[in-house]
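1. Starting from these lines, generate the structure:
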Amino acid sequence: MNDLQFIKNAENTLLASYLNDYTLLEASTFKEDFIYFKENKEIFKAMQSLLKKELPVDEDFILKEIKAKGDYQSKLIEILTTTAISDVKKIEDELLEQYKKRELYKFLNLSISKLNEISSDKLTSQLANYTFNGISTDSFWSFEDFANITPELPEFYLQNICPVQKKEINLITSRGGKGKSFVALYLMSELAKNGLNCFGWLSEDSVSGSKNRFETLKRILMISCNSLMVLKVLFSCIFSDLDRDSKAIY
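-> Next up, the predicted model:
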């Protein structure tokens, strides 16, 4: 599910919940600016207006209250068929976070476009003091003078085989069928041989398919090493433990 679909579903759930229980809307501090989709924004504005006028917050009154043009009846049917919830706080908070990200993205794009016009100190000051809709952004970032940072070399596992950086996410990427799974399984076996506990999440491959890859790796290493003793050192402690104790989640 992409971000826009997630936002649409969240907004529909929120509006459905307000319609199902208007007291949730009365108690809420949620603002129309936090809503992304135009139709949802107009429906929310109509609901707030009806509350102020002490009129029923239902489908008929909402359609009469909406001033903008559009097929709002179909949109309301979509909202009414969405499951309502009683605790809307988490959805409100998530939609607020999405709103903050959108506003920051727009502000940063504007700031980057003006890099040639303002100094880095001025840009830093603008970022530090930037607010939108009464929301401060000072907790979103911290600033450090690059000149005062002590350089440190990253640490790696398997430095002489295929460096895997410690305490970081390491990605193996390519088109399908290029050997990513083989590489990942081999690195896991090497890491396990070095005394690390490894967990493999097989999200796409079957357990039997992954076991077949293990067996293929055994054969490949036996050919390349040309020594059963080396093969035993590499795999005996690994595969016996995997066969006995490991569980794959897929």
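2. in which helix or strand would I find the residue lying closest to residue 3 once chain neighbours are set aside?
-> The shortest distance from residue 3 to any non-neighbouring residue, by C-beta to C-beta, 6 or more residues apart in numbering, is to residue 98 (7.4 Å). Where you see a C-beta, it was placed from the backbone N, CA and C, and this is true even at glycine. Residue 98 belongs to helix 89-113 when assigned by DSSP states H and E.
3. Okay, the residue positioned nearest the centre of the chain and residue 194: tell me how far apart.
-> For the chain, residue 3 is the residue whose C-alpha lies nearest the centre (C-alpha atoms, centre = their mean; 8.7 Å). Residue 3 is 39 Å from residue 194, where distance means C-beta to C-beta, to the nearest Å.
4. what do you get for residue 117?
-> 53 Å.
5. One more: residue 176?
-> Separation of residue 176 from residue 194 (C-beta to C-beta): 29 Å.
6. Start and end of stretch 159-175, how far apart?
-> Length of stretch 159-175, first residue to last, C-alpha to C-alpha, to the nearest Å: 25 Å.
7. Dihedrals phi and psi, residue 56?
-> Main-chain dihedrals, residue 56, degrees, to the nearest 10: phi -60, psi 140.
8. Actually, residue 177.
-> Dihedral pair for residue 177: phi 80, psi 10, per degrees, to the nearest 10.
9. With neighbour numbers in mind, choose between residue 176 and residue 194.
-> residue 194 (10 against 7; other C-beta atoms under 10 Å).
10. residues touching that one, list them.
-> Residues in contact with residue 194, defined by C-beta atoms under 8 Å, 6 or more residues apart in numbering, are 157-158.
11. now with 7 Å?
-> Contact analysis of residue 194 by C-beta atoms under 7 Å, 6 or more residues apart in numbering lists residue 157.
12. and what of the one 10 residues further on?
-> The contact partners of residue 204, taken as C-beta under 7 Å, 6+ apart, number zero.
13. that older thread, which parts of the helix holding residue 98 are buried?
-> Across helix 89-113, burial judged by 16 or more other C-beta atoms under 10 Å covers 91-92, 95-96, 98-100, 103-104.
14. Repeat that for stretch 200-213.
-> Neighbour-count burial for stretch 200-213, counted by 16+ other C-beta under 10 Å, picks out 200, 205, 210-211, 213.
15. Can I get it as PDB, trimmed to CA atoms?
-> Extracted as PDB, the C-alpha positions of stretch 200-213 are listed here (Å, rounded to 0.1, in the frame of the first residue of the first chain):
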ATOM      1  CA  GLY A 200      16.600 -15.000   8.400                       C
ATOM      2  CA  TRP A 201      13.200 -13.800   7.400                       C
ATOM      3  CA  LEU A 202      12.200 -15.700   4.200                       C
ATOM      4  CA  SER A 203       9.400 -13.300   3.100                       C
ATOM      5  CA  GLU A 204       9.200 -14.600  -0.500                       C
ATOM      6  CA  ASP A 205      11.000 -17.900  -0.900                       C
ATOM      7  CA  SER A 206       9.700 -21.200   0.400                       C
ATOM      8  CA  VAL A 207      11.500 -23.000   3.100                       C
ATOM      9  CA  SER A 208      12.400 -25.900   0.800                       C
ATOM     10  CA  GLY A 209      13.600 -23.600  -1.900                       C
ATOM     11  CA  SER A 210      15.900 -21.900   0.600                       C
ATOM     12  CA  LYS A 211      17.200 -25.300   1.800                       C
ATOM     13  CA  ASN A 212      18.000 -26.100  -1.800                       C
ATOM     14  CA  ARG A 213      20.000 -23.000  -2.000                       C
END
